[in-house]
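Trainee: Predicted coordinates and the sequence they were generated for:
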Amino acid sequence: MPVALVLAGGFLVLFVSGGARFSIGLTLKPMVDELGWLRSDLGLAVALYMVISAFATFVAGRMADRLGARAILGAGTVVGGIGIGLMCLVSAPWQAMLLYGVIFAIGNGAASIIPVGVMVTRAFPHRTGLANAVVSSGMSVGQLVVISALAAVLVAIGWRSVYVWLGIAHLVLVPFLLLAILAPGGSRGVQAAASPAGLGTRQAASTRQFWLLLGVYALSNPHRINFYNHFVWQADAWLDGQASIPYPVLPTANAPGNDYFQDVMPLSGADGAPTGRGLIPFPPLPAVVLLPFVAVLGLATNAQLIATVLAALVVGVAFCYFLVIPGMSRFIQAFAPTSITAAPDIEQYFGFVLTLFLVFGVAFEVPIAVIVLARIGVVNIAQLKKVRGYFVVGAFVVAAVVTPPDVISQLALAVPMILLYEIGIVAAQMFIKHTRAPDSEPADDKPAA
């Protein structure tokens, strides 16, 4: 099976399945309103999905070892597509429990990260970590991109169309996976021969790493739903013809609130009083979509350098998203005249936010640039220290040009750039010291002339 087919197949399966499993949260409100159900009716379907998909994932992992991961992925994609596609026809709660809670759960559990990981690990025995990172990114990207696209579908043509398109997306993958199954080597032979020896379940459970990994995964999942709730609130606002969401909304006995959102920009009225609405600064979709393709480049280049660059970019975007934008928006609104109504154009606002993401992402690449330039000999440590003052001035000039005219955002960009420059100098000294070529042989060991 070609390398590109393995990566593309694993990425696309997780891309579609990762977004599909959270679609019911997006359609919950319009389904409840149209069908007259209780939220708990769909809650039971979700709870059933969680239990059955967890069991199906375990079984899929066992069967992937015996039948081959590609066959399991193909079957799971077909079953999951049937279950989620038929959700467009539901009219009673038991139908949602059967289609989403059982059929889709079985298919989604089979077409999951476990069989994909088996397939990729066997195809990339020497670059397993990086290859799995590439395909695993499909799950996160799918959750972001697919949910965003489905929110637009929901607004335009209704919640039933959401499930129709999800079913189509699953079925489109089937011919692609069939080509993978019928590729030279089949779905069993080559994979079985390439299976590395490993630990059994009991042996793995006796290691500290197993429980540490399990704990980290368990702790990270409950917080993931907070991110998807943003899309639910935004979709409801779009259905009402609003670009902003009601904020803050306190939870009640019958409905959840959104007062725990920390990244929403509250909007104020002409008198400076809160309007009860806010804007959500979504993460940069273009950058997220490009990440897996940049990671693929790492398969043919320096994987550690690519991973470091991506990590710095993500940290910079996160710094801007969680700290700079909320602080900047509150600062600006605090000094805005009471006669001015805060009603930013949604297109210009998102363009502004994406620009800030790009600027802060690039700014956090400063230490990497310093280390690389010093390592290849373009500059030395003494020169980096000598131009320190110029860099400080340049950092404040750049911050003044690319950020809004407020002190908070300018300092939030300039100060980290300066600190990162100093970190880069220290790291460059350590890196060069530990990677310096060994000295030439002593004179006594050289042959006499």
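Mentor: Perfect, I can see it now. Numbering: from 1, shown residues only.
Trainee: Helices of the stretch 1-150 of the chain, start to end?
Mentor: For the stretch 1-150 of the chain, the helices defined by DSSP state H, counting those that start in this stretch occupy 3-20, 23-35, 39-67, 69-85, 93-98, 105-110, 113-123, 128-157.
Trainee: okay if I get those as JSON lines plus mean neighbour count and mean pLDDT?
Mentor: Just so you know, the C-beta spots here come from the backbone N, C-alpha and C atoms, and that holds for glycine as well. JSON lines is the format used below for these (neighbours: other Cβ atoms under 10 Å; pLDDT from 0 to 100):
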{"stretch": "helix 3-20", "mean neighbour count": "23", "mean pLDDT": "81"}
{"stretch": "helix 23-35", "mean neighbour count": "19", "mean pLDDT": "84"}
{"stretch": "helix 39-67", "mean neighbour count": "17", "mean pLDDT": "85"}
{"stretch": "helix 69-85", "mean neighbour count": "25", "mean pLDDT": "88"}
{"stretch": "helix 93-98", "mean neighbour count": "17", "mean pLDDT": "92"}
{"stretch": "helix 105-110", "mean neighbour count": "26", "mean pLDDT": "91"}
{"stretch": "helix 113-123", "mean neighbour count": "23", "mean pLDDT": "82"}
{"stretch": "helix 128-157", "mean neighbour count": "20", "mean pLDDT": "76"}
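Trainee: Need those helices in a markdown table (columns: distance to F364).
Mentor: A markdown table is the format used below for the helices of the stretch 1-150 of the chain (distance: least, Cβ to Cβ, whole Å):
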| stretch | distance to F364 |
| --- | --- |
| helix 3-20 | 26 |
| helix 23-35 | 32 |
| helix 39-67 | 35 |
| helix 69-85 | 36 |
| helix 93-98 | 44 |
| helix 105-110 | 36 |
| helix 113-123 | 28 |
| helix 128-157 | 19 |
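Trainee: Which of those sits closest to V359?
Mentor: Nearest of the helices of the stretch 1-150 of the chain to V359, taken as Cβ to Cβ: helix 128-157 at 21.0 Å.
Trainee: Okay, angle between that closest one and helix 3-20 too, please.
Mentor: 50 degrees (axes from the mean of the first three to the mean of the last three Cα atoms, to 10 degrees).
Trainee: Helix 128-157 - contacts with which helices or strands?
Mentor: Packing partners of helix 128-157 (3 or more Cβ pairs under 8 Å, 6 or more residues apart in numbering; DSSP states H and E): helix 3-20, helix 23-35, helix 113-123, helix 159-181, helix 208-239, helix 285-300, helix 303-319.
Trainee: which helices and strands does the shortest one pack with?
Mentor: Same thing as helix 113-123. Secondary-structure packing of helix 113-123 (3+ Cβ pairs under 8 Å, 6+ apart): helix 3-20, helix 39-67, helix 69-85, helix 128-157, helix 189-194.
Trainee: Can you pull up the most central residue in this structure?
Mentor: Centrality entry for the chain: nearest residue to the mean C-alpha point is S140, 3.8 Å, by Cα atoms, centre = their mean.
Trainee: Okay, that one and V146: tell me how far apart.
Mentor: Distance of S140 to V146, given as Cβ to Cβ, to the nearest Å: 11 Å.
Trainee: Between the two, which contacts overlap?
Mentor: Counting by Cβ atoms under 8 Å, 6 or more residues apart in numbering, the contacts common to S140 and V146 are G18.
Trainee: Strands of the stretch 251-400 of the chain, residue ranges please.
Mentor: 265-268, 274-279 (DSSP state E, counting those that start in this stretch).
Trainee: What residues sit buried inside the last one?
Mentor: Residues 275, 277-279 are the ones in strand 274-279 that count as buried (16 or more other Cβ atoms under 10 Å).
Trainee: What is the nearest of those to N258?
Mentor: Minimum distance to N258 across the buried residues of strand 274-279 is 8.8 Å, recorded for G278 (Cβ to Cβ).
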